[in-house]
Each structure stands twice: as C-alpha cells, then as structure tokens.
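J.: dropping a prediction and its sequence here:
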Amino acid sequence: MNVRRSAAVLAAVAVIGAATPAAAAPSPSPSQAFPSALYGDSDPKYDGVWRQSLALLAQDTVGVEPAAKSVQWLARQQCADGSFASYRPDPTTACDARTMRDTNATSAAVQALTALGGHDDVTGKAVGWLKSVQNKDGGWGYSAGGPSDTNSTSVVIGALAAAGEKPGRVEKDGKSPYDALLKLALPCGGDDGGAFAFQPDKKGELAANADATAAGVLGALGQGMVVKPGEKSGETAGEKSDEKSGAGCAKAGTPEQAAANGAAYLTTALAEDDGHLMSALAGAEPQPDHSNTADAVVALAALGETAQAGKSVRWLEKNSASWAARSGPAAYAQLILAAHATGTDPRDFGGADLVKQLGATGPAPQTAEKSAEKRNASDEKEESGSDFFGVWWYVGVCLVAGIGIGFLFTGRKKQQQL
C-alpha cells in the first residue's frame with residue numbers, strides 16, 4: 001500500500017523489482033486548479049482516487065465523519081462500467097477506451113465507501129468490474145489484463161472482503177486470489193524464504209519485496225487496510241500462540257501459512273534495522289522506508305505479531321513527521337491505520353495529532369462530536385416516547401398558563417378602552 005501510486009502506474013508497464021522510497025509529487029502551479037473536495041495539493045494524476053480513499057477510510061476509522069463533498073467527489077470518479085481510474089479531472093465526461101482503469105484505485109474506493117456506508121450501488125458495480133477483469137491465475141494486475149502481482153491481488157482481496165464477498169470463492173478458471181498469492185510466495189530455505197515477490201522477473205524467478213510482503217500478508221489473511229488491534233503474541237489462547245510466533249518458515253500449503261511466513265520475514269527485516277525497513281534507489285544510499293514500515297506494522301498486527309509491530313510503530317512515532325508532511329494525506333492515513341492496528345493513539349502520535357494533520361490537507365471534516373450529537377438526539381427522542389404522561393402533563397400546564405395570560409391581556413385591553 002505504498003503512498004506513491006505513480007509506482008503502480010509504472011508497474012502496469014514494466015516489472016518493478018523492488019520498492020523505492022516515497023517521493024513527494026510536485027506541488028501544483030498557481031494556474032492549476034484541483035477540486036476543492038480533494039485531499040492533498042500535489043498533482044492527483046496518478047494517485048487522486050487512492051489518496052482520497054485512504055484519507056476517508058482513515059478518518060472513518062477514528063470516528064471522524066469526512067466532508068460530504070469529499071465523499072461525493074470519490075463516488076463520482078467511478079466509470080459507468082464500475083471501475084475507477086487513478087484520477088478523472090472531469091467526471092462528467094464518460095470514460096472511454098483511453099481511460100486507464102486501475103484495480104488498486106477501484107479497490108481502495110470500495111474499501112472507503114463501504115466503510116462510510118450508503119454507497120452500495122457504487123461498490124456493487126465496482127466489485128462486479130473487479131470480478132470481470134480477474135486473471136486466469138486467480139489474481140489481478142494493476143490494470144485490467146496486466147500480469148498478476150501481489151500488491152494488486154491483495155488490495156482487491158481487501159475490497160472483496162469489505163463488500164461482503166468471500167475472496168476464496170471468487171474464481172476464474174477454478175483459480176482463486178489465494179492461488180495467485182501462493183505462487184508469488186518465496187519457498188522456505190533461502191535467505192528470503194517466506195517473503196512475497198511483487199511479480200516474477202523475466203526468467204520467472206521470484207525476488208523478495210518488503211512492500212509486496214506486507215500486502216501479501218494482509219491479502220493471504222483476507223484482510224483489508226483497516227486492522228483491529230490484535231492480541232499480544234504468546235498471550236493468545238493456547239495453541240494459537242505457536243502458530244503466530246513468526247519464528248520460522250514452513251511450507252506454504254495454505255494462505256494462512258503463507259501469511260505467517262511473510263510475517264516472519266518482515267519481523268526479521270524490521271529487527272535488522274532497528275525496527276524499520278530500508279530501501280534505496282539504484283546508485284543511492286539506502287534510506288529508511290517509512291511507507292513500507294507502516295504497512296508492515298499493519299500486516300504484523302493483523303496476524304497478532306504485536307511485539308515487533310509495537311517496536312516499529314514507536315520508531316514511526318519518532319521518525320515519520322517530516323516524511324508524512326512531504327508525502328501528504330495518504331502518508332498520514334497510513335500512519336493512522338498503523339496506529340489503530342497497534343492500539344496507539346493517533347491523536348498523540350509522538351506528540352503529533354495525525355487526525356488533525358490529515359484533516360488539514362483537505363476539506364474540514366464533520367466532527368466526531370457532531371455525529372455524537374446526532375446519535376444523542378436520536379436516543380433522547382426514543383426515550384421521550386416512554387415518558388408519555390410526563391410530556392402531556394407539561395403540555396397541559398403550558399396550555400393553562402397560556403389561557404391565563406390570554407385573559408390577562410384581554411382584561412388590560414378592555415381597561416384601556418374604558
């Protein structure tokens with residue numbers, strides 16, 4: 001779930017061998033006018049729907065009701081066939097053959113709009129489109145018909161699960177998304193055994209990819225982007241603790257085992273670099289990878305590996321502020337989801353209020369207090385029905401008082417006429 005959706009665009013054209021550090025998109029020039037409902041002020045060409053979806057999903061996760069126009073903007077980005085492109089400057093113009101449909105954007109939108117509720121028509125059409133472009137191996141590529149990759153297959157699984165589908169039963173030629181993921185998992189035995197590859201290379205070989213592994217763990221577990229805080233490893237009920245130890249790699253005959261293997265790989269990789277992942281551009285010095293570290297935290301928390309997830313989220317608390325400020329709404333959303341998955345307060349994340357910082361990148365959201373007021377008003381209305389006689393007694397008193405006041409004014413009027 002990398003912040004940079006431009007990387008996914010490149011993936012549709014060529015195989016990406018490894019994740020690269022997140023780079024902030026250029027800020028728009030004064031002449032550029034992006035929708036006021038959109039989160040972020042950088043060019044949305046490659047990530048508009050993606051970052052909007054993450055922003056809305058993160059706000060909903062922490063009890064904040066997003067601005068209505070921001071939700072409407074996202075829903076209106078949908079094409080008539082149910083798909084979403086990365087960004088449509090003019091949603092009133094129909095999508096055509098030149099519109100680059102995006103399985104990642106479509107899946108992110110499904111997860112956000114499902115969580116917000118009230119958009120079953122939009123999400124239903126989107127799920128229908130995703131099913132229609134499933135590959136014969138059971139997976140999905142970034143674009144329709146593109147080679148299956150771990151990241152795209154996993155985010156589609158999250159969308160299917162969010163929409164109430166059973167991903168294992170969504171098949172093409174007898175192959176499910178889990179079949180595709182198992183083929184993208186590195187076998188045990190090598191240095192990177194248990195990791196997931198993004199895609200096979202030109203020779204058909206698999207290379208470990210931390211970004212793909214974090215996504216693959218969630219996908220193999222049938223999880224979406226939002227993960228509830230898990231139980232601590234070793235403190236779960238009896239036999240489950242050994243299965244979640246993340247201590248080694250075993251033959252992945254099931255999606256659950258592949259997820260456990262991927263978690264073990266991530267745990268080792270995170271421990272080697274003081275709790276965070278590293279990545280580097282060709283010819284450049286390795287740099288801390290905040291984006292993939294946040295994704296790894298969510299993946300580990302989903303499997304109950306809270307010990308390493310907790311260490312890594314504390315590293316993010318200390319070191320992610322400048323990265324998030326450069327990268328924008330999707331980065332803040334990733335941090336909020338990582339905090340949520342580990343039971344960390346996103347409103348006091350290393351002294352920063354991530355929820356407030358995310359909200360500042362777009363239209364002012366409706367406050368959680370406003371939502372609470374609506375619920376309380378509804379509750380009070382229901383409770384008032386049980387106090388029928390008390391209410392009507394009060395009404396009766398008011399009527400009597402009103403009649404008395406009426407006589408008083410009438411008397412005064414007559415006195416004035418005399």
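T.: Nice, thanks for sending it over.

J.: for Ala185, give me its contacts.
T.: By CB atoms under 8 Å, 6 or more residues apart in numbering, Ala185 lies in contact with 194-197, 206, 216, 252, 258, 261-262. Where C-beta positions appear, they are placed from N, C-alpha and C, glycine not excepted.

J.: which ones among the residues you listed map onto helices?
T.: Per DSSP state H, helices hold the following members of these: 216, 258, 261-262.

J.: circling back: for the contacts of Ala185, which PyMOL command selects only the ones that are buried?
T.: Applying 16 or more other CB atoms under 10 Å to the contacts of Ala185, the buried members can be selected in PyMOL as follows:
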select buried, resi 194+195+196+197+206+216+252+258+261+262
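
J.: ok, the contacts of Ala185 vs Ala94, which is closest?
T.: Gly216 (35.6 Å; CB to CB).

J.: looking at it, Val122 is touching Arg76, isn't it?
T.: No. Assessed by CB atoms under 8 Å, Val122 is found out of contact with Arg76, at 9.2 Å.

J.: who's more crowded, the two?
T.: Val122 (20 against 13; other CB atoms under 10 Å).

J.: what helix or strand is the more buried one on?
T.: helix 120-132 (DSSP states H and E).

J.: hang on, the earlier thing: closest to Thr61 among the contacts of Ala185?
T.: Using CB to CB, those come closest to Thr61 at Gly216, 22.0 Å.

J.: just checking, that closest one touches Gly262?
T.: Yes. Shown here, Gly216 and Gly262 form a contact pair, counting by CB under 8 Å, at 5.3 Å.

J.: quick check: neighbours shared by those two?
T.: Here Gly216 and Gly262 share the contacting residues 185, 196, scored by CB under 8 Å, 6+ apart.

J.: returning to what we had before: can you tell me which of the contacts of Ala185 comes closest to Pro329?
T.: Distances from Pro329 to the contacts of Ala185, taken by CB to CB, are shortest for Gly216, at 24.8 Å.

J.: can you name the residues bridging to the closest residue to the closest one other than its chain neighbours?
T.: With sequence-adjacent residues excluded and distances taken as CB to CB, 6 or more residues apart in numbering, Gly216 is closest to Phe196, at 3.4 Å. Under DSSP bridges, the beta-bridge partners of Phe196 are Ala185.

J.: contacting residues for Phe196?
T.: Neighbour list for Phe196: 150, 181, 184-186, 208-209, 212-213, 215-217, 258, 262 [criterion: CB under 8 Å, 6+ apart].

J.: can I get those in JSON lines including pLDDT?
T.: Converted to JSON lines, the contacts of Phe196 look like this (pLDDT from 0 to 100):
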{"residue": "Thr150", "pLDDT": "98"}
{"residue": "Leu181", "pLDDT": "98"}
{"residue": "Leu184", "pLDDT": "98"}
{"residue": "Ala185", "pLDDT": "98"}
{"residue": "Leu186", "pLDDT": "98"}
{"residue": "Ala208", "pLDDT": "97"}
{"residue": "Asn209", "pLDDT": "97"}
{"residue": "Ala212", "pLDDT": "98"}
{"residue": "Thr213", "pLDDT": "98"}
{"residue": "Ala215", "pLDDT": "98"}
{"residue": "Gly216", "pLDDT": "98"}
{"residue": "Val217", "pLDDT": "98"}
{"residue": "Ala258", "pLDDT": "98"}
{"residue": "Gly262", "pLDDT": "98"}
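
J.: closest to Ser42 among those residues?
T.: Using CB to CB, those come closest to Ser42 at Ala215, 23.1 Å.

J.: isn't that closest one up against Gly158?
T.: No. Using CB under 8 Å as the test, Ala215 is too far from Gly158 to be in contact (9.1 Å).

J.: the more surrounded of these two?
T.: The neighbour comparison of Ala215 against Gly158 (other CB under 10 Å) goes to Ala215, with 32 against 24.
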